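Participant: Sequence and predicted structure below; questions after.
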Amino acid sequence: MQKKIQSAPTIFYPESDGKPMAETDKHRDLMIDFIQMLKHHYRNENDVYVSGNLLIYYEEGNPRKSISPDVFVVFGVAKKQRNTYLTWKETHTPDFVLEVASPSTFSKDMGRKKDLYASVFEVKEYYIYDPLGEIVPSFIGYRLTDGIYQEINFVNERLPSAVLGLELGEHGNELRLYDPKTSQWLQTPPERAENAEIRAENAETRAQEEASARRNAETRAENAEAALAKALAALERLKAEENN
């Protein structure tokens with residue numbers, strides 16, 4: 001009896017691990033703002049992928065080998081929407097990772113994740129930040145040197161990222177990104193929206209002022225024309241009286 005040829009079973013890599021996105025509103029807002037700030041910063045570069053809270057699978061055929069960084073950046077891959085990130089297909093692993101920590105996650109962030117990011121992913125820079133200040137240290141960064149993470153020193157109360165060309169620091173009691181090239185903090189989405197609204201209002205005000213100035217100029221021109229016509233008429237009458 002001839003044996004039936006069966007196809008190999010399809011391995012499913014879940015898009016969710018069933019865990020919540022973040023522990024608190026502050027953790028979630030920080031993650032979202034950071035992802036959006038970085039996306040906007042690299043908006044014109046097609047080979048920079050910014051994401052977060054996305055499952056990264058790092059061993060083909062084993063769906064249990066996964067990790068989900070809160071924020072990460074990968075250079076050298078296409079900027080596109082992904083349901084999961086499969087390292088063996090992408091051929092690039094994250095260059096930058098930020099974990100938004102809490103007392104319940106800190107030991108894992110400083111232990112298993114740190115080891116994994118260094119040895120398996122070879123993440124060039126790894127940052128840990130506690131927005132509530134409940135753990136010590138509440139903000140720390142590491143740079144991979146010869147396969148070992150070395151702590152990054154603060155400069156002007158900020159941690160300089162050689163990978164991003166930006167600096168991470170607190171601004172208004174929140175973790176933000178500072179661009180040393182422009183000497184400005186990157187704006188969060190709400191700040192960009194607010195500034196765009198202000199610019200639109202200012203533009204509308206300027207347009208109204210210019211329209212008012214044009215109307216005033218037209219009125220002055222009409223008055224001048226009427227005055228000139230009146231003066232010419234008076235001159236004509238004066239000439240006519242002299243001739244008589």
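Facilitator: It's in. Numbering: from 1, shown residues only.
Participant: for this protein, what helix or strand is lowest in average pLDDT?
Facilitator: helix 189-243 (a mean of 66; mean pLDDT, DSSP states H and E).
Participant: Strands of this structure, residue ranges please.
Facilitator: 48-51, 56-57, 66-67, 71-75, 85-86, 96-100, 125-129, 139-145, 148-151, 158-161, 166-171, 174-179, 184-185 (DSSP state E).
Participant: how about the nearest residue to the spatially most central residue of the chain, chain neighbours excluded?
Facilitator: Most central residue of the chain, judged by C-alpha distance to the mean C-alpha position with Cα atoms, centre = their mean, is Met37 at 1.3 Å. Using Cβ to Cβ, 6 or more residues apart in numbering and skipping the chain neighbours, the partner closest in space to Met37 is Leu186 (4.6 Å). Just so you know, the C-beta spots here come from the backbone N, C-alpha and C atoms, and that holds for glycine as well.
Participant: residues in contact with that neighbour?
Facilitator: 37, 40-41, 166, 176-179 (Cβ atoms under 8 Å, 6 or more residues apart in numbering).
Participant: And the residues you listed, which of them are buried?
Facilitator: 37, 41, 166, 176-178 (16 or more other Cβ atoms under 10 Å).
Participant: domain assignment for the chain?
Facilitator: 25-186, 187-244 (automatic domain parsing).
Participant: Which of those domains has the highest mean neighbour count?
Facilitator: domain 25-186 (a mean of 17; mean count of other Cβ atoms under 10 Å).
Participant: May I have the distance across that domain, first residue to last?
Facilitator: End-to-end distance for domain 25-186: 21 Å, by Cα to Cα, to the nearest Å.
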